[in-house]
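Build me a model from this:
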Amino acid sequence: ETWPENAEFVMATKKTAPSKKRVLLVDDDLELAQTYKELIEAHGYHVSTAPNGVLAIKHFLNHHLDAIVCDLKMPELEGDMFYAAVARIQPGLHKRFIFITGVADDPTFEVFIAKVKSPVLRKPVPIKKLLAEIKRVAGRAS
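You can find the predicted model right below:
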């Protein structure tokens with residue numbers, strides 16, 4: 001088997017082509033997650049989704065992530081506990097969180113929101129605001 005004449009060019013192009021920033025979207029509202037996924041991907045990001053923190057942990061252990069968009073209130077493992085797990089397992093990645101929530105006034109999360117340095121956006125989140133936060137947070141990953 002022989003290499004095509006342009007094999008070196010193709011290999012060099014693949015190595016130097018910029019890869020898309022990777023975003024993990026964690027939300028148990030599957031319809032909303034799918035909508036956000038499509039809108040974020042339309043702006044050049046690679047987006048994976050997880051319906052809860054347990055599956056999100058499995059995902060982040062096997063993939064490089066530039067940003068994590070995470071709901072606070074979810075079944076199985078809520079956003080604050082997922083954040084704590086990420087901070088323990090992979091220090092530094094917790095700086096790439098963006099929280100989205102419809103229950104920010106819940107006393108359960110008030111203390112967490114007050115101490116966490118990640119942005120917390122209220123649902124319904126305007127897509128322009130979400131994209132601006134993703135760009136800012138993912139920019140730290142470079």
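
Would you list the phi and psi of residue 48?
phi -110, psi 150 (degrees, to the nearest 10).

Give me the distance between the closest residue in space to it that isn't next to it in sequence and residue 90.
Nearest residue to residue 48, sequence neighbours excluded (Cβ to Cβ, 6 or more residues apart in numbering): residue 24, at 5.3 Å. From N, CA and C alone the C-beta is placed, and that goes for glycine too. In this structure, residue 24 and residue 90 are 12 Å apart, going by Cβ to Cβ, to the nearest Å.

related to what we said a few turns ago, in the sheet, who's paired with the residue nearest to residue 48?
Per DSSP bridges, the residues bridged to residue 24 are residue 48, residue 68.

quick one: it and residue 66 touch, right?
No. With contact defined as Cβ atoms under 8 Å, residue 24 does not count as touching residue 66 (9.1 Å).

Mind listing residues that contact the helix or strand residue 130 falls within?
If you go by DSSP states H and E, residue 130 is part of helix 127-140. By Cβ atoms under 8 Å, 6 or more residues apart in numbering, the residues outside helix 127-140 that reach it are 21, 23, 36, 39-40, 43, 45, 66-67, 69, 95-98, 100, 119, 121.

Can you show me the helices along this structure?
Counting by DSSP state H, the chain has helices at residues 7-16, 30-41, 53-62, 79-89, 107-115, 127-140.

got TSV for those, with distance to residue 73 too?
Listed next are those as TSV, based on distance: least, Cβ to Cβ, whole Å:
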stretch	distance to residue 73
helix 7-16	42
helix 30-41	13
helix 53-62	11
helix 79-89	7
helix 107-115	8
helix 127-140	18
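
for this structure, what are the low-confidence residue spans?
Scanning the chain for pLDDT under 70 picks out 1-18, 104-105, 140-142.

switch to 50 and redo it
For the chain, the stretches with pLDDT under 50 are 1-4, 6-17, 142.

For residue 99, which non-adjacent residue is spatially closest?
In space, and not counting its chain neighbours, residue 99 is closest to residue 120: 4.5 Å by Cβ to Cβ, 6+ apart.

hang on, the one you found packs against residue 112?
No. In this structure, residue 120 is not within contact of residue 112 by Cβ under 8 Å, at 9.2 Å.
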